[in-house]
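Trainee: just the structure for this:
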Amino acid sequence: VGNRDDSNLYINMKLKAAAEIGISANHIKLPNTATEADVLKCIASLNADPAVHGFIVQLPLDSDKPINTEKITNAVAPEKDVDGLSSINAGKLSRGDLGDCFIPCTPKGCMELIRQTGVQVAGKRAVVIGRSKIVGAPMHDLLLWNNATVTTCHSKTSTLAEEVGKADILVVAAGKAEMVKGEWIKPGAIVIDCGINHVPDSTKASGKRVVGDVAYNTAKEKASYITPVPGGVGPMTVAMLMQSTVESAQRFLERFQPGKWTIQYNQLTLKVPVPSDIEISQSCMPKPIDQIAKEVGLLPDEVELYGQTKAKVQLSVLKRLKNQPDGKYVVVTGITPTPLGEGKSTTTVGLVQALGAHLHQNVFACVRQPSQGPTFGIKGGAAGGGYCQVIPMEEFNLHLTGDIHAITAANNLVAAAIDARIFHELTQSDQALYNRLVPSVSGVRKFSDIQIRRLQKLGINKTDPMALTKEEVSLFVRLDIDPGTITWQRVLDTNDRFLRKITIGQSPTEKGFSRTAQFDITVSSEIMAVLALADGLDDMKNRFGRMVVASSKKGQPVTVDDLGVTGALAVLMKDAVKPNLMQTLEGTPVFVHAGPFANIAHGNSSVLADRIALKLVGKDGFVVTEAGFGADIGMEKFFNIKCRYSGLRPHVVVLVATVRALKMHGGGPAVTAGVPLPKEYVEENLQLVAKGCSNLNKQIRNAQMFGVPVVVAVNAFKTDTKAELALVVQQAKEAGAFDAVECTHWAEGGKGALALARAVQRASQAPSNFRFLYNVELPVVDKIRLIAQQVYGARDIELLPEAQEKVALYTKQGFGNLPICMAKTHLSLSHDPEQKGAPTGFVLPIRDVRASVGAGFLYPLVGTMSTMPGLPTRPCFYDIDLDPVSGGVNGLF
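Mentor: Next up, the predicted model:
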């Protein structure tokens, strides 16, 4: 702070020394008008910067404003306080914790000088003159903990000469010129002179010379070793500053070594019977999320806290860990489920709790963020269940960090832009449109970057707005959207059946322009799919620009870039692109990020979360992610879409099966949410289970088709018998599973998934010859047929006329080489939800094909389905309320 000549001289010496030995050093100079707050702000920035291993505050602080020096020195993070002046480092030194602190550089240099004499410090009498915080007091402590008998003298010491005469080792830091006389010194003593004083000397050009605190010429006759002034302690002090900085860097590398976790796990208190999910969640005290972040090797500036239990993680961690090898990649999927679900999320959480809290492996779970629609509708929450949950579950199931709200805003901005553009083109001339799209500001017209891209797309290589011809102006301003081809809908994160078909534009201000439209649920938005598949902010923005919202009346695709809204979407989504960090009940880390639909989209959490997690766990760790619906849908899309774009290769498939679902596939009665299970499901029936294993066998073969080992997790319910569970395990192994194990994690937490965790460990060591099912260069119809025949068991496919037209259109528009994302029922391998087991010989009807060009896939529609769920007669929100005492959330999510 300020511009003192002496401070600048000292700083330049340090910068020169750093440059000589290869330390990157720089000088941050604040003006002498800097306030205490200015200095503290600068220190806070350096504390948080992982690229800075150490820094010092040059004293004195030359400011016009009052600054508390003690407050400033204590603001420096102890682990970066290479000057050793903070109270924490001083306290550690005084306690003798020499290996866990930084020692002030001058005392450290003095000790190094003493060591280099070869004289043993232990047992010697040492005298320190001076008691400053910078030299005297720490020098006393340092000598003491090196086993010397130490006396500290100062200005009030009445017998100074007598005390000096007893010293085998004398360190003087009094700040008084030549105060220690040569005759005081014990013969053979080691004398360290830390003083810098100026005395008059007419022989010098400056009229003065530099002397120490010891009368050198007489003292050198008695001392065995003595430091000169200048040139003694000063250069050694600078050298010790360099050494401390190197030590700081070494400690940093040890502390943040990728793949080396020291993590504190939570102990579960299991109860029988198992309480409700919300009771279990709220009975567990989560660790502070910044503690989780530190445990897994994230740096402070890589974490953005959202309260005490959730945080966002900066994508910069990928750059820092780019050379770190990835861990093992595990995907959890399931057999064709009942409408109740078979516990994939619960198994995902149970597996990571077993691997982490019980087997002490580095492990991350990566799961989708749930939509609030089902949370308040019929399904409830999606945080897992029983003693295998992501917590706090109410935070997980509701707003989290606002990602879904950001997607809602971004999606509806595009929808508004589409209808506004159609309206303005209908009501304005070419020139009027041009004047508004490229306005004159202070007499100057200029194209924005996104407008330049549109001109280039049109083949107009001009950058001067005044240079366009009338024909070029018309091409530029008119998207000429055909309203009948608009595929982009408005969205809402609520189940509302009455928004499935609406009429918009009925206000008189819209001048008669109205059309039929609809609302979808937010998680079905293509923006959500883009978020899940993007590999960074730039890639996400580019994908936004490629999203096709309609066709022009000439059949050309109209994109978000054409609408000019790409940059605005990136701004709305700039925080949503960062994965959300949470934890399980047992304290293992979880990334919650993205939640695309598993029918019209690919149903998997984000590529970015997986990539960051794989780096953080290290080569021997595990990342466990979940694919939506059954293996025929979520797993197939995980392999053919997500892995294709991410470049990641899975090591193990965990296939979740239940006796309940297998009985349904064996011919059992229908299973309906909210209705008690028929007796076939609560009584032992080995025949139904055996027959239903046809579905299990088919899904095992589906996973093996991609060349990945399969471990079957038999999720046990209290109504299952030992014989039924044993039969499923036997059938799975006979079908070719690498292993099959019974799991009781819902009731026992990670302990109940230990057998599964060990099986996954073994399977991860087995060969994984991963391969895609199809080449994207194949014609669209051939890719659809391959999925239908190989994965579903169909004899063939049938494209209805509308689907045929779309295939031809998308192929013509250049989208024929995209992967395929089949949108079909999850309740059957076929298109008919009533067909259970493993049906064959059926023809799969394709009624339409749509494109998510930005996300990067075509999605054929098999049968009918809604992208806006409705509320049941008795929605889940009947059971959700605020606790009148605590103000927390009560309810059966």
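Trainee: next one: phi and psi at Leu533?
Mentor: The phi and psi values for Leu533, taken as degrees, to the nearest 10, are phi -100, psi -10.
Trainee: surely it touches His602?
Mentor: Yes: contact status for Leu533 versus His602: in contact at 7.4 Å, counting by CB atoms under 8 Å. For every residue, glycine as well, the C-beta is placed using N, CA and C.
Trainee: overlap in contacts of those two?
Mentor: Counting by CB atoms under 8 Å, 6 or more residues apart in numbering, the shared contacts of Leu533 and His602 are Ile641, Lys642, Ala855.
Trainee: just those residues now: which is nearest Val331?
Mentor: Nearest to Val331 among the shared contacts of Leu533 and His602, counting by CB to CB, is Lys642 at 9.1 Å.
Trainee: distance of that closest one relative to Pro596?
Mentor: 10 Å (CB to CB, to the nearest Å).
Trainee: between those two, which is the more surrounded one?
Mentor: Neighbours were counted for Lys642 and for Pro596 using other CB atoms under 10 Å; Pro596 has more, 31 against 26.
Trainee: quick check: the more buried one vs Leu531, distance?
Mentor: 8 Å.
Trainee: might you list the low-confidence residue ranges for the stretch 251-400 of the chain?
Mentor: 258-259, 378-382 (pLDDT under 70).
Trainee: if you set the cut-off to 80 instead, what comes out?
Mentor: Under the criterion pLDDT under 80, the flagged ranges of the stretch 251-400 of the chain are 255-260, 373-383.
Trainee: tell me where it has strands.
Mentor: Assigned by DSSP state E, counting those that start in this stretch, the strands in the stretch 251-400 of the chain fall at 303-305, 311-313, 328-334, 363-367, 384-385, 388-391.
Trainee: distance from the chain centre to the second one, please.
Mentor: Mean C-alpha position of strand 311-313 versus that of the full chain (CA atoms, centre = their mean, to the nearest Å) differs by 6 Å.
Trainee: show me what it packs onto, helices and strands only.
Mentor: Here strand 311-313 touches helix 289-295, strand 303-305, strand 580-584, going by 3 or more CB pairs under 8 Å, 6 or more residues apart in numbering; DSSP states H and E.
Trainee: also the shortest one?
Mentor: In terms of contacts (3+ CB pairs under 8 Å, 6+ apart), strand 384-385 is packed against helix 344-353.
Trainee: quick one: the helix it packs on to strand 363-367, angle?
Mentor: Here helix 344-353 runs at an angle of 160 degrees relative to strand 363-367 (axes from the mean of the first three to the mean of the last three CA atoms, to 10 degrees).
Trainee: got a list of contacts for helix 344-353?
Mentor: Residues outside helix 344-353 that contact it (CB under 8 Å, 6+ apart): 330, 332-334, 363-365, 367, 382-386, 388-390, 584-586, 588, 590, 622, 624-627, 654, 656, 713, 715, 743, 745-746, 749-750, 752-753, 756-757, 760.
Trainee: centre of the chain versus that helix, how much separation?
Mentor: 19 Å.
Trainee: export it as PDB, just CAs?
Mentor: The C-alpha trace of helix 344-353 is given here as PDB (Å, rounded to 0.1, in the frame of the first residue of the first chain):
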ATOM      1  CA  LYS A 344     -33.600 -47.400  -9.600                       C
ATOM      2  CA  SER A 345     -33.000 -44.100  -7.700                       C
ATOM      3  CA  THR A 346     -33.000 -46.000  -4.400                       C
ATOM      4  CA  THR A 347     -30.500 -48.500  -5.700                       C
ATOM      5  CA  THR A 348     -28.300 -45.800  -7.100                       C
ATOM      6  CA  VAL A 349     -28.100 -44.100  -3.800                       C
ATOM      7  CA  GLY A 350     -27.700 -47.400  -1.900                       C
ATOM      8  CA  LEU A 351     -24.900 -48.500  -4.200                       C
ATOM      9  CA  VAL A 352     -22.900 -45.200  -3.700                       C
ATOM     10  CA  GLN A 353     -23.500 -45.400   0.100                       C
END
